[in-house]
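Asks: Predicted model, plus sequence, below.
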Amino acid sequence: DQQVKQNSPSLSVQEGRISILNCDYTNSMFDYFLWYKKYPAEGPTFLISISSIKDKNEDGRFTVFLNKSAKHLSLHIVPSQPGDSAVYFCAASATAYGAGSYQLTFGKGTKLSVIP
Amino acid sequence: ETGVTQTPRHLVMGMTNKKSLKCEQHLGHNAMYWYKQSAKKPLELMFVYSLEERVENNSVPSRFSPECPNSSHLFLHLHTLQPEDSALYLCASSQLDGGYTFGSGTRLTVV
């Protein structure tokens, strides 16, 4: 059973417009959420995160919104740029355990294409 | 370079071969991970090592054997793999106050 779901495998957006990537989760124990960006032939790179005590976190053009009651989070990219074209993974974690180790559960990813 | 280096980048092996994937990090992180990324599937956690001790093994077949000789190095030993094991294998490291840092991955093809 998939605990983190990204239901849109792909998304196309015009340059300059807003990109909205969605993610749903089922495990109520998740309390930390992250977005990763992945280019072909590279590993995922960390983009932005949010703790469950917040409902919004902003970093430049990227904003993540968390709706705990709906178990839903979204990533907004404004304005979208061609260089944002990549696969975006949503990930979730329960409270960290051990000396710095914690398990991330990933969605399948959404491929974003920003059209010039 | 992200700080996590994986070698080789590409590997083609027969089902009877034995090979190893290597991962190295010099970020001072305490934990290291192996993930498998297959097409159209979520990233699957395979193994977690924290302070060189294995803390998680998500029912991975025994044909995959991890080794963590020290906090900077992680290996994944492969033997008698199946074609369905063809995937991108990602190594990552982390510490308590940050997200993961991933390597670029090894693209494995089993023929």
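Replies: Structure's in. What do you need?

Asks: Okay, now the unreliable bits of the chain?
Replies: I went with chain A, as the question did not name one. Low-confidence segments of chain A (pLDDT under 70): A:95-101.

Asks: my bad, the chain I had in mind was chain B
Replies: B:1-2, B:96-99.

Asks: Neighbours of B:Cys23, how many?
Replies: 26 (other Cβ atoms under 10 Å in any protein chain shown). Where you see a C-beta, it was placed from the backbone N, CA and C, and this is true even at glycine.

Asks: Run through the strands of chain B in chain order.
Replies: Under the criterion DSSP state E, chain B contains strands at B:4-7, B:10-13, B:18-25, B:31-37, B:44-50, B:53-57, B:64-70, B:73-79, B:87-94, B:101-102, B:106-110.

Asks: can I get the ones you listed in a markdown table with distance to A:Glu42?
Replies: Putting those into a markdown table (distance: least, Cβ to Cβ, whole Å) gives the following:
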| stretch | distance to A:Glu42 |
| --- | --- |
| strand B:4-7 | 11 |
| strand B:10-13 | 14 |
| strand B:18-25 | 15 |
| strand B:31-37 | 12 |
| strand B:44-50 | 19 |
| strand B:53-57 | 25 |
| strand B:64-70 | 23 |
| strand B:73-79 | 19 |
| strand B:87-94 | 10 |
| strand B:101-102 | 8 |
| strand B:106-110 | 11 |
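
Asks: Which one, of those, ends up nearest to A:Ala86?
Replies: In terms of Cβ to Cβ, the element of the strands of chain B nearest to A:Ala86 is strand B:101-102, at 13.5 Å.

Asks: Starting from the closest one, tell me which strands it pairs with and how they run.
Replies: Next to strand B:101-102 in the sheet, as set by DSSP bridges, lie strand B:87-94 (antiparallel).

Asks: ok and the partner strand relative to strand B:64-70, angle-wise?
Replies: 30 degrees (axes from the mean of the first three to the mean of the last three Cα atoms, to 10 degrees).

Asks: can you state the direction angle for strand B:87-94 and strand B:106-110?
Replies: Using the same axes, to 10 degrees: strand B:87-94 against strand B:106-110 is 150 degrees.

Asks: Dump strand B:87-94 to PDB, keeping only the CA atoms.
Replies: Only the C-alpha atoms of strand B:87-94 are listed here, as PDB (Å, rounded to 0.1, in the frame of the first residue of the first chain):
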ATOM      1  CA  ALA B  87      17.100  -0.300 -11.700                       C
ATOM      2  CA  LEU B  88      18.800   2.800 -10.500                       C
ATOM      3  CA  TYR B  89      20.400   2.200  -7.100                       C
ATOM      4  CA  LEU B  90      20.800   5.300  -5.100                       C
ATOM      5  CA  CYS B  91      23.000   5.800  -2.000                       C
ATOM      6  CA  ALA B  92      22.100   8.600   0.500                       C
ATOM      7  CA  SER B  93      23.500   9.900   3.800                       C
ATOM      8  CA  SER B  94      21.900  12.000   6.400                       C
END
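
Asks: I'd like to know how far the most centrally placed residue in chain B sits from chain A.
Replies: Of all residues in chain B, the one closest to the mean position by Cα atoms, centre = their mean is B:Trp34, 3.2 Å from it. Distance of B:Trp34 to chain A, given as Cβ to the nearest Cβ, to the nearest Å: 12 Å.

Asks: Who are the contact partners of A:Lys5?
Replies: A:23-26, A:107-108 (Cβ atoms under 8 Å, 6 or more residues apart in numbering or on different chains).

Asks: please redo it, this time with the cut-off set to 7 Å
Replies: By Cβ atoms under 7 Å, 6 or more residues apart in numbering or on different chains, A:Lys5 lies in contact with A:24, A:107.

Asks: Perfect, I'm done here.
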